[in-house]
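>>> The sequence isn't on hand, but the structure is:
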DNA sequence: CACAACGATGTTTACGTAAACATAGGCGGT
DNA sequence: ACCGCCTATGTTTACGTAAACATCGTTGTG
C-alpha cells in the first residue's frame, strides 16, 4: 500500500480510502490512485484487514462426510448463501466420527479464522463433544438433537415420515413396513419414530424394523429379507438409495412394484425419477437448509445472542410410480 | 495475549513462545502461562498470525457445483489432504458457469486469504477466464485442458474409456455404442474420443453418438432411443447414472442386460453395485485426485515455481454383471 | 574465583490496514 | 473582508502476534 501511495503521490490513508470506496476523495485523486494500484498490481492484504476489523467474513463448516448427497447439497446451499452475503466458507472435515476427532476439529476451529460455525452433524456424537465448542461463538447445528443449546436447522423428518406412511395407508394398505437407516443417525431415528407413531395413531400393526446403512446395497439386503414376509404390501424406506436396492431385490424375487408392493423413499435424489419404477419419495430441500444455517449464523454474528431452538424445513410428498393400491386378496 | 502475560506475570513474548510450542521456556513457566491461557480462555488470533507469517495456511477451491458425486468426492479428498498437512480449505462457489461469474470468482479470490488455488473446472470456460488469475499464484486445475499453462490433475479418462471399450470387444461384441455426456464437459469429450479411437484401432464400425447430460433421466431417454436400433449389443455409457437410466429403458423395452445388451458405465458410484444388474464400470479415484491437487498446490507454495503439465490418476475396470457375450445370431 | 557461555525471559519492532484525529485550503454568509 | 465550517488529504496510532535483539542470572570450566 505504501508503494501505491508513493507512486500516486498521496498518503497511504488515501489509498485505503480509494480501495474501500470511501467517500471524501476527489475523482481526480481517485483515478490517480487506481492507476497506481493497477500498475503495481496492488491487492489488499486480507490478513491485515481482518486484524483491523476483527472479523474474517468467513463461516466455518464442520462435517463428517461429503459422500452423501444430503451433506453435499447442504454445503452447496451454505456456500451459495454465504457468498451472496459476502462471506467465505472454510471447510473443517472430520475424518472419523470418533469423539476425539470431533474435539480435535473444534479445537482447530478455535484458532481458525472464522466468525461463525455451522456443524453438519448427522450422527450421535455432538453431545459428547460440545464441551470443546468455544462458548459464545456463533454456532448453528444441522440435523442433531442439540436444539436446547444451539440453534438447529433441519429438514422436517417427522412430518416427512408421516407423509410417507399416510400416503401408503390412504392407498388402502393394511400396514407399512420400514427400512430404517443406521441407529447413529438422527435423521434415521426421527423417520423411524414418525413411522411408528403414524401407524399407531392409525391403529395399525407395527411390523418389526429392518435396518440398513443408507447404501443401496443394504437396501438390497433388506429387500431380500422382506421377500420372506408374504404379507408385505407397502414399505417406507428411509432413503432413496436403499429404496433402489430394495426394489431391485423385490424384482429379483418376483414381487412387482407397485402391483404387489408399494415403496416410498426419502430424499428425492435427482436419480429417483429414473428408477424402475420412478420412485415415490419425500422431497427435502437441502439448499434451503443451508441457506437457513447461514442466515442463523450471521444473525448471531450481528446480534450477538445465540437463540437455541429448532428451525424445520418443510418436506413434501412426490408421488411417482412406485406406489399404488395393495393387491386384492384372493 | 497481553492479559494472559499479565495474569501469568510474564511478558507477551513468553506467552507467544508457549502458544507456539517453542523451546526455551522452563516447564514451570510454561505451566503458569498455560493455566492463565485456560483461565482467560485465550485463543491466538489467526489474523494477526497470518499477518506476521504472510501465509494463511489455507487453500482456495473454486468449483461450479457440488451436485455431482465426482466434485463432492474430489473436494472431500482435497479437504482430507489439506487438513492432514495443516491447511484449511476455503470454498469459492461459482453459481453460474458464465464467463462473468468465473471472472468474478477469480477476482474475489485475489482478496481472499488463500495461499494457493485449486480450480475444479469440469466444463469449457477456464480458457476464457484465465486472464483473471493472479499471475504467479499457485494454481492447480482439475479436469480441464489448461495443462499447458497450469498443473492439471485429472482422472485418466482416455485410458478408462479404452478399458471399457476393450472389455466389451474382448467379449466378442461387433462394435460398441456410446452415450456421451454434455459437449461442454472435458471428461465427456475425452471419454468420447477414447471410445472412438479404440473402436477405430480395432477396425470396428463407429456408430453415431448419443448424448446425455449425466442425469439418469437423460440416460433413460438415450436408452429409449437405442431400443430402435436392433443391432445394438454393447453400450459404453459415459457415467453410471446415465447407465442406470439406460438399463431401465432397455428393461422396459424387453431387452435384457446383459443377455441382449451389455452395458459399461463410468465412475463406479457406490450404488452401482446395487443396480439391476450390478453395473460393470470404470472406477475412478476421486480422493486421489483431490490428494494430488493439494500436493501440487503446496509444492508450488514451497518451491515457488509452477510447473504446467498433466498428472493422470489411473482408472480400473470393475467387472460386474451388466456385461457378457453378445447374443448368438440365429 | 573469574569469566565465558548459555539458557530463560523481557523489550523493541514490524507485519498491512484503517479508524481517529489533525491540518489546510476553499467557500459562503454576514 | 473576516470568520467559521466543510471538504480533501495527511499523520498518528492500534489491531495481535512473533522475529530479532537485549538482558540477566546461572552454570561450568580453567
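All right, it came through fine. Source: prediction; values computed, not measured.

>>> ok, now which ones touch residue A:300?
Each residue near residue A:300 by Cβ atoms under 8 Å, 6 or more residues apart in numbering or on different chains is listed here: A:116, A:138, A:139, A:140, A:151, A:306. Quick note: C-beta positions are derived from backbone N, CA and C, even for glycine.

>>> What residues are bridge-paired with the first one?
Pointing back at residue A:116 there. With beta bridges defined as DSSP bridges, residue A:116 has these partners: residue A:59.

>>> Please point out which parts of the host helix or strand of residue A:187 sit buried.
Element membership of residue A:187 [criterion: DSSP states H and E] is helix A:186-201. Burial within helix A:186-201, assessed by neighbour count using 16 or more other Cβ atoms under 10 Å in any protein chain shown, is assigned to A:186, A:187, A:188, A:189, A:190, A:191, A:192, A:194, A:195, A:198, A:199.

>>> Other residues contacting it?
Outside of helix A:186-201, the residues that reach it under the criterion Cβ under 8 Å, 6+ apart are A:121-124, A:143-145, A:154-155, A:157-162, A:164-166, A:169, A:175-176, A:178, A:180-183, A:205-206, A:209, A:236, A:238, A:266.

>>> the bottom helix or strand of chain A by mean pLDDT?
For chain A, counting by mean pLDDT, DSSP states H and E, helix A:126-129 ranks last in confidence among helices and strands (a mean of 52).

>>> Need the pLDDT of the closest residue to residue A:167 other than its chain neighbours.
For residue A:167, ignoring the flanking residues on the chain, the nearest one in space by Cβ to Cβ, 6 or more residues apart in numbering or on different chains is residue A:317 at 5.6 Å. pLDDT, residue A:317: 98.

>>> same deal with the one 4 residues further on?
Predicted confidence (pLDDT) for residue A:321: 97.

>>> Grab the nearest non-local neighbour of it.
On the basis of Cβ to Cβ, 6+ apart, the spatially nearest residue to residue A:321 that is not a chain neighbour turns out to be residue A:277, at 3.8 Å.

>>> In a markdown table, list the contacts of residue A:300 along with distance to residue B:49.
Formatted as a markdown table, the entries for these read as follows, by distance: Cβ to Cβ, whole Å:
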| residue | distance to residue B:49 |
| --- | --- |
| A:116 | 20 |
| A:138 | 21 |
| A:139 | 23 |
| A:140 | 26 |
| A:151 | 29 |
| A:306 | 26 |
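
>>> Wait, the residue nearest to residue A:321 touches residue A:261, no?
No. With contact defined as Cβ atoms under 8 Å, residue A:277 does not count as touching residue A:261 (11.3 Å).

>>> who touches the closest residue to residue A:58 other than its chain neighbours in this structure?
Distance criterion Cβ to Cβ, 6+ apart; nearest residue to residue A:58, sequence neighbours excluded, is residue A:88 at 4.4 Å. By Cβ under 8 Å, 6+ apart, the contact set of residue A:88 is A:56, A:57, A:58, A:59, A:82, B:90, B:91, B:92, B:112, B:113.

>>> at 10 Å what do you get?
For residue A:88, the contacting residues are A:46, A:56-60, A:79, A:82, A:113-115, B:58, B:60, B:90-92, B:108-109, B:112-114, by Cβ atoms under 10 Å, 6 or more residues apart in numbering or on different chains.

>>> Narrow these to those in strands?
When these are checked against strands (DSSP state E), the matches are A:58, A:59, A:60, B:58, B:60, B:90, B:91, B:92.

>>> Residue of chain A closest to DNA strand C, please.
Here the residue of chain A nearest DNA strand C is residue A:1; by Cβ to the nearest atom of the strand that distance is 2.7 Å.

>>> gap between that residue and residue A:12?
Residue A:1 sits 5 Å away from residue A:12, going by Cβ to Cβ, to the nearest Å.

>>> didn't residue A:166 look like it was pressed against residue A:234?
No. Between residue A:166 and residue A:234 there is no contact under Cβ atoms under 10 Å: 11.4 Å.

>>> Which residues are in contact with each of those two?
Residues touching both residue A:166 and residue A:234 (Cβ under 10 Å, 6+ apart) are residue A:176.

>>> So between the two, which is more surrounded?
Neighbours per residue (other Cβ atoms under 10 Å in any protein chain shown) separate residue A:166 from residue A:234, with residue A:234 holding more: 26 against 16.

>>> Quick check: beta-bridge partners of that one?
Each beta-bridge partner of residue A:234 is listed here, defined by DSSP bridges: residue A:262.

>>> Who are the contact partners of it?
Listed by Cβ under 10 Å, 6+ apart, the contact set of residue A:234 reads A:164-165, A:167-169, A:171-178, A:258, A:261-264, A:323-326.

>>> If we check DNA strand C, which of those are in contact?
When Cβ under 7 Å from any atom of the strand is applied, no member of those is adjacent to DNA strand C.

>>> where does chain A dip in pLDDT?
Along chain A, the parts satisfying pLDDT under 70 run over A:96-99, A:102-103, A:107-112, A:125-136, A:305, A:330.
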